[in-house]
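Student: Quick one, structure for this:
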Amino acid sequence: MPVAFPMKITFMGSPNFAIPALRALQSEGHKVSLVVTQPDRPAGRGRKLQMSPVKIEANALNIPVFQPESFKSSDSVQTLVEASPDLIVVAAYGIILPKKVLEIPTLGTLNIHPSLLPRWRGPSPIQSAILAGDGSTGISIIFLNEEMDAGPILSQHEVEISSSETTGELEKRLAEIGALALTKCVDEFKNGIPIAVPQDEEKVTFCQLISKQAGHLRSDMTITQADRAVRAYSPSPGAFVNYRGSKLVIRRSSRVSSNMDAPRGVLLRYGDFPAISFDGGILVLEELQRSGRARVNGTDFLNGERGVLHEVGFAN
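Tutor: Numbers count the residues shown, from 1 in each chain. This is a model prediction of the structure:
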């Protein structure tokens, strides 16, 4: 049965990844009547409350905003019921939706997931794809169910991962692709609820929440693993080593295959840049940041060290 348009949509999202999807729904004339995002959180050195990027965007678009801590209370659920959405759209919201929420929209709940499901179900699919050396990843538009990222697939779009691409760069690309894919899926509801294909449970892989210490490089890494770690953990939490009593975050690097007999555990000079030796090559540190200091390029870092390079601390 055809669905009446425009549908009433409740949009759920929090970080920058979700903004292109929200904008796309608005620009295509779909009626986003409510935006649900995470509560304002303290951030920065001053620990001042900051709005999520999606809240800032919703305010700019004059869309009402709802910020529950969770959906454990009946009041939080009732707010969604009163919004009476035909469809809920989720993009990196960050809060688990219980069954009673998933049952509210008359047509279902869609989710934009940045991987080619069933590969990389979970909270860190982009980082996990880079760390694993996947040649490609993509966007999956799925119907949400109670199991994490396990709902049937409406649409998928594959993209190649370049050899130098960071999580931040890849995330921006996938956000735009996801926004376009989402609007096409929403348009399909004009002809009734579209058919979705169940995921192949035999091909499922999972990824985990990334801790702040995940980026601490290890001395037993190969150059390939170290290079992937820098890219995967950029911009957050950042790949790092300890240096002269503080964290030294590697914001950008490049790899050089080398068989030189370079000592492990110390900073090296490679041309005008500092470097670290790993099995199979040299990691050239092009942009660095010490705790509490601004980012600097590798040459400026070397100049600040005045030619005296010290040991680095790896993860145990």
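Student: first vs last residue of stretch 5-21, how far apart are they?
Tutor: Stretch 5-21 has its terminal residues 18 Å apart, counting by C-alpha to C-alpha, to the nearest Å.
Student: what sits up against the helix ranked longest in the chain?
Tutor: Taking DSSP state H as the criterion, the chain has its longest helix at helix 167-188. With contacts defined as C-beta atoms under 8 Å, 6 or more residues apart in numbering, helix 167-188 is touched by 7, 9, 16-21, 23-25, 28, 30, 87, 89, 91, 110, 112, 114, 126-127, 129-130, 137-139, 141, 154-155, 157, 159, 161, 194, 231-235. The C-beta positions use only the backbone N, C-alpha and C, and glycine is treated the same way.
Student: And it, what's buried?
Tutor: 167, 169-171, 173-175, 177-179, 181-183, 185-186 (16 or more other C-beta atoms under 10 Å).
Student: ok, so of those, who is nearest Asn316?
Tutor: Among these, Thr167 lies closest to Asn316 (C-beta to C-beta), at 24.7 Å.
Student: Okay, strands next: where are they in the stretch 51-200 of the chain?
Tutor: 65-66, 87-91, 109-113, 136-143, 153-160 (DSSP state E, counting those that start in this stretch).
Student: Quick check: which of those strands is nearest to Leu248?
Tutor: Per C-beta to C-beta, nearest to Leu248 of those: strand 136-143, 29.2 Å.
Student: mind listing what's buried in that closest one?
Tutor: Residues 137-143 are the ones in strand 136-143 that count as buried (16+ other C-beta under 10 Å).
Student: quick one on the thing from earlier: can you tell me which of the contacts of helix 167-188 are buried?
Tutor: 7, 9, 16-21, 24-25, 30, 87, 89, 91, 110, 112, 114, 126-127, 129-130, 137-139, 141, 154-155, 159, 161, 194, 231-234.
Student: returning to what we had before: tabulate the buried residues of strand 136-143 (TSV), appending pLDDT.
Tutor: Listed next are the buried residues of strand 136-143 as TSV, based on pLDDT from 0 to 100:
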residue	pLDDT
Thr137	98
Gly138	98
Ile139	98
Ser140	98
Ile141	98
Ile142	98
Phe143	97
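Student: Let me know the closest of those to Gly245.
Tutor: Thr137 (37.9 Å).
Student: so who does Glu201 touch?
Tutor: Contacts of Glu201 (C-beta under 8 Å, 6+ apart): Pro118.
Student: Tell me how far the worst-scoring helix or strand of the chain on mean pLDDT lies from the chain's centre.
Tutor: The helix or strand with the lowest mean pLDDT-type score in the chain, counting by mean pLDDT, DSSP states H and E, is strand 41-43 (a mean of 85). Centroid separation for strand 41-43 versus its chain: 19 Å, with C-alpha atoms, centre = their mean, to the nearest Å.
Student: re the thing from before, going on from the longest helix of the chain, what's the next piece of helix or strand?
Tutor: Downstream of helix 167-188, the next assigned helix or strand under DSSP states H and E is helix 223-232.
Student: quick one: the closest residue to Thr299 other than its chain neighbours from Ala175, how far?
Tutor: Using C-beta to C-beta, 6 or more residues apart in numbering and skipping residues adjacent in sequence, the residue nearest Thr299 is Asp272, 4.6 Å away. From Asp272 over to Ala175 the distance is 35 Å, taken as C-beta to C-beta, to the nearest Å.
Student: quick one: the helix or strand where Leu288 lies to helix 223-232, angle?
Tutor: For Leu288, the host element (DSSP H and E) is strand 281-290. Counting by axes from the mean of the first three to the mean of the last three C-alpha atoms, to 10 degrees, strand 281-290 lies at 30 degrees to helix 223-232.
Student: hang on, the earlier thing: so can I have CSV of the strands of the stretch 51-200 of the chain showing distance to Gly44?
Tutor: Shown next, in CSV, are these (distance: least, C-beta to C-beta, whole Å):
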stretch, distance to Gly44
strand 65-66, 21
strand 87-91, 24
strand 109-113, 28
strand 136-143, 31
strand 153-160, 33
